[in-house]
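Engineer: my questions are about this predicted structure, shown below with the sequence.
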Amino acid sequence: MSDLDVDVVVIGAGPVGENAAGRAHEQGLSAAIVEAGLVGGECSYYACIPSKALLRPVDLLAATHRIPGVEAGPIDVGKVLARRDQFANPDDSGQADWLSGAGVTLLRGHGRLAGERAVEVTHDDGTTTTVSARSVVVATGSVPTAPPVDGIDDVGAWTNRDATQVKDVPSSLLILGGGVVGVEMATAYVRLGAQVTLVQHGDRLIPATEAEAGRRVQAALEADGVDVRLGTSMTAVRRDGADVVATLDDGSEVRGAELLVAAGRRSTTDDLGLETVGLPPGRPLGADDTTTVLGDWLYAVGDASTGAKLTHMGKYQARICADVIVARAHGKELGGRYSHHAATAEHTAVPQVIFTDPQVAAVGHSEASARDSGLPVRAVSFEIGNTAGGSLQADGYDGFASIVVDTEREVIVGATFVGQDVADMVHGATIAIVGEVPLSRLWHAVPSFPTMSEVWLRLLETYGL
Ligand SMILES: Cc1cc2nc3c(=O)[nH]c(=O)nc-3n(C[C@H](O)[C@H](O)[C@H](O)COP(=O)(O)OP(=O)(O)OC[C@H]3O[C@@H](n4cnc5c(N)ncnc54)[C@H](O)[C@@H]3O)c2cc1C
Ligand SMILES: NC(=O)c1ccc[n+]([C@@H]2O[C@H](COP(=O)([O-])OP(=O)(O)OC[C@H]3O[C@@H](n4cnc5c(N)ncnc54)[C@H](O)[C@@H]3O)[C@@H](O)[C@H]2O)c1
């Protein structure tokens, strides 16, 4: 392909890069995007979408067992995997068509910075294209990290890619890591029929959430038959016939047909030509609130950056990034906090839903992180099963909601919902945090009867209103 000159070039066509390029083009700029793998990135084929396609059926089935007279099952694993394929078949022609329909030029190949405002693309056939651009956006995502465990490179360990694209559910699965990937995949696999052992070196699961959320998820996994080993590290792994055998630091051994490594992710910035612009390779790209990394031309968004590694937050950064690029292209002043030019929510209101059963939906601070930040806070919680809505939703409803209140400003700085079907409840809390709605005004936001959102009223009463 002949060399190209555009307003914006984006490296990486995951959900985040696509959004940055599409929004810049929508506002009149010419845009190109470089993709080495599949357009749509990790999220579409190997992460968010296929994992939720595996989790929704097992979640629904469990819900039927909480109401007498409607119990469904057994689960048809083949049909579950076939439906997952409909969502996450690794064929990116549809997403590539979307890009061309949106007017963005797609360059297939590996992109590297080649000095200021230039990207060199190496195509599969070895030819290269040089793209000159006023602005360059890095949206190269992340890859799994490999913890230092003897033999881990020799046992054919699974990453999220194998776990989400599985063709046959193995009889047993070892999982290394009790973060978000670990607990979601433990939930899916144990309910699809595998015997699951989960090894987490910390003293609790999903450590970034409220401690009680981790305890409830652990209790639910154990009730499903998952062998949860906390405070334990794998020291070595080896193949023994068809099995993977892992040695733990307490001297014991656990085995499974496969080993899934779910021990975190690192930004994909090591083979990106960063050294050609004076930046160190291999680290997340530190961007300011405008998503700018360098001068007024280099930007980073999504998992490649130091921001939250979540699709929705990456796409938020991408919208900010595109609007900053467009403003600068037209010589306009950038707006401040809560304008279209600052990713302010990164500091105050990052929401996340963990699709375990119970689900964990949280936004903003946990009580511990608020105290660590020096905020004067008080946290209150309430069992959702003690609302009429919760008790109707499921017999013996297991779950709670909690809010973390800044006692000086009397506004919510964090909220957590744990339980069946709570995923969508978190957005109300996100709005309250971003809007800095005083508790006295929230008192007038009346939740409908009989819904689980009445837990909001109970939380405010428990706080003292
Ligand atoms: C199992 C799992 C489940 C998840 N579930 C959720 C969820 O439910 N909700 C949620 O919000 N988040 C979830 N996440 C996180 C989410 O997947 C990421 O935050 C999201 O994919 C980040 O998007 P991105 O566009 O920044 O990066 P990616 O999706 O990783 O895309 C980056 C793209 O850049 C390409 N690329 C990299 N380097 C180059 C280069 N030099 N040249 C050209 N192309 C390049 C890659 O091929 C890739 O296509 C999950 C993650 C995992 C692992
Ligand atoms: N529903 C969602 O929003 C969702 C789902 C999946 C993943 N994600 C995102 O993807 C990213 C990656 O997830 P992840 O679960 O891989 O990372 P993570 O950082 O959430 O969890 C990794 C876990 O592995 C543990 N660990 C690390 N090394 C270990 C070792 N040697 N032995 C035992 N335990 C070890 C850590 O204590 C940690 O709890 C995260 O940013 C996550 O938020 C989001």
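Structural biologist: Thanks, I have the structure now. Residues are numbered from 1 along each chain as shown. Ligands and ions are numbered 1, 2, ... in the order given.
Engineer: and the longest strand for this protein?
Structural biologist: For the chain, the strand that runs over the most residues, judged by DSSP state E, is strand 128-138.
Engineer: mind listing what's buried along that strand?
Structural biologist: 129, 131, 133, 134, 135, 136, 137, 138 (16 or more other CB atoms under 10 Å). For the C-beta atoms, the positions are set from N, CA and C on the backbone; glycine is no exception.
Engineer: paired strands for that strand, with orientation please.
Structural biologist: Strand 128-138 pairs in its sheet with strand 4-11 (parallel), strand 118-122 (antiparallel), strand 298-300 (parallel), by DSSP bridges.
Engineer: closest to ligand 1 out of the buried residues of strand 128-138?
Structural biologist: The nearest member of the buried residues of strand 128-138 to ligand 1, counting by CB to the nearest ligand atom, is residue 138 at 8.5 Å.
Engineer: report the central residue of this protein.
Structural biologist: Centroid-nearest residue in the chain, with CA atoms, centre = their mean: residue 310, separated by 3.4 Å.
Engineer: number of residues surrounding the nearest residue to that residue once chain neighbours are set aside?
Structural biologist: Distances taken as CB to CB, 6 or more residues apart in numbering place residue 352 nearest to residue 310, at 5.9 Å, with adjacent residues excluded. When neighbours are defined as other CB atoms under 10 Å, residue 352 has 18 of them.
Engineer: which residue does the stretch 101-250 of the chain have closest to ligand 2?
Structural biologist: residue 179 (1.8 Å).
Engineer: and residue 465, what does it touch?
Structural biologist: Taking CB atoms under 8 Å, 6 or more residues apart in numbering, we find residue 465 in contact with 439, 440, 443.
Engineer: where neighbours are concerned, which of the residues you listed has the most?
Structural biologist: In terms of neighbour count, residue 439 stands highest of those at 19 neighbours, by other CB under 10 Å.
Engineer: apart from its neighbours in sequence, what residue is nearest that residue?
Structural biologist: Excluding the flanking residues, the one nearest residue 439 by CB to CB, 6+ apart is residue 410, at 4.9 Å.
Engineer: quick one, phi psi at that neighbour?
Structural biologist: Note on residue 410: its backbone torsions stand at phi 50, psi 50 [degrees, to the nearest 10].
Engineer: test my guess that it contacts residue 440.
Structural biologist: Yes: using CB atoms under 8 Å, residue 410 is in contact with residue 440, at 7.0 Å.
Engineer: spell out which parts of the stretch 201-350 of the chain neighbour ligand 1.
Structural biologist: Residues of the stretch 201-350 of the chain that fall close to ligand 1, judged by CB under 6 Å from any ligand atom: 268, 272, 302, 303, 304, 309, 310, 311, 312, 314.
Engineer: which ones among those also lie next to ligand 2?
Structural biologist: 309, 310.
Engineer: what does stretch 243-261 rub up against?
Structural biologist: Stretch 243-261 is contacted by residues 144, 146-147, 149, 152, 155, 157-160, 162-163, 170-177, 182, 185, 194-197, 199, 227, 229, 232-240, 242 when judged by CB under 8 Å, 6+ apart.
Engineer: now that stretch, how far from the chain's geometric center?
Structural biologist: Relative to its parent chain, stretch 243-261 has a centroid offset of 27 Å by CA atoms, centre = their mean, to the nearest Å.
Engineer: then stretch 384-391?
Structural biologist: Distance, stretch centre to chain centre, for stretch 384-391: 29 Å (CA atoms, centre = their mean).
Engineer: what are the contacting residues of it?
Structural biologist: Identification of contacts with stretch 384-391 by CB under 8 Å, 6+ apart yields 383, 396-401, 417-419, 422, 449-455, 458.
Engineer: which of these count as buried?
Structural biologist: Among those, those buried by neighbour count (16+ other CB under 10 Å) are 383, 397-401, 417-419, 422, 451-455, 458.
Engineer: ok, so of those residues, who is nearest ligand 1?
Structural biologist: Nearest to ligand 1 among the buried ones among the contacts of stretch 384-391, counting by CB to the nearest ligand atom, is residue 422 at 14.7 Å.
Engineer: isn't the closest one right next to residue 452, touching?
Structural biologist: Yes: the criterion here is CB under 8 Å, and residue 422 meets it with residue 452 at 7.1 Å.
Engineer: on that earlier part again, go through the buried ones among the contacts of stretch 384-391 and flag which are in strands.
Structural biologist: Applying DSSP E to the buried ones among the contacts of stretch 384-391, the entries found in strands are 383, 400, 401, 417, 418, 419.
Engineer: so who does the fifth one touch?
Structural biologist: Going by CB under 8 Å, 6+ apart, residue 418 touches 210, 212-213, 216-217, 358-361, 384, 399-401.
Engineer: surely residue 225 is in contact with residue 195?
Structural biologist: Yes: between residue 225 and residue 195 there is a contact under CB under 8 Å: 7.1 Å.
Engineer: please say which of the two ends up with more neighbours.
Structural biologist: Neighbours per residue, other CB under 10 Å: of residue 225 and residue 195, the larger number sits with residue 195, 17 against 11.
Engineer: do you know how far that one is from residue 424?
Structural biologist: Distance check for residue 195 against residue 424: by CB to CB, to the nearest Å, it reads 32 Å.
Engineer: cool, residue 240 as well?
Structural biologist: Distance, residue 240 to residue 424, by CB to CB: 45 Å.
Engineer: list the buried residues for stretch 80-93?
Structural biologist: Using 16+ other CB under 10 Å as the burial criterion, the residues of stretch 80-93 that qualify are 80, 81, 84, 88, 92.
Engineer: quick one: contacts for the closest residue to ligand 1 within the stretch 51-200 of the chain?
Structural biologist: Nearest to ligand 1 in the stretch 51-200 of the chain, going by CB to the nearest ligand atom, is residue 141, at a distance of 2.1 Å. By CB under 8 Å, 6+ apart, the residues touching residue 141 are 12, 14, 16, 41, 42, 267, 268, 302, 303, 304.
Engineer: skipping its backbone neighbours, what lies nearest the third one in space?
Structural biologist: Spatial nearest neighbour of residue 16, excluding adjacent residues (CB to CB, 6+ apart): residue 302 at 3.2 Å.
Engineer: can you map out the helices along the stretch 251-400 of the chain?
Structural biologist: Along the stretch 251-400 of the chain, the segments classed as helices by DSSP state H, counting those that start in this stretch run 311-329, 345-348, 367-372, 388-393.
Engineer: before we move on, what about the stretch 1-150 of the chain?
Structural biologist: Counting by DSSP H, counting those that start in this stretch, the helices of the stretch 1-150 of the chain are 15-26, 41-46, 48-64, 77-88, 93-101.
Engineer: pick the most buried one from the ones you listed.
Structural biologist: Mean neighbour count, computed with mean count of other CB atoms under 10 Å, is highest for helix 15-26 among those, reaching a mean of 26.
Engineer: run through who's touching that one.
Structural biologist: For helix 15-26, the external contacting residues (CB under 8 Å, 6+ apart) are 7-8, 10-11, 13, 31-33, 35, 39-41, 43-44, 95, 98-99, 102-104, 135, 137, 139-141, 299, 301-303, 311, 314-315, 317-319, 321-323, 325-326.
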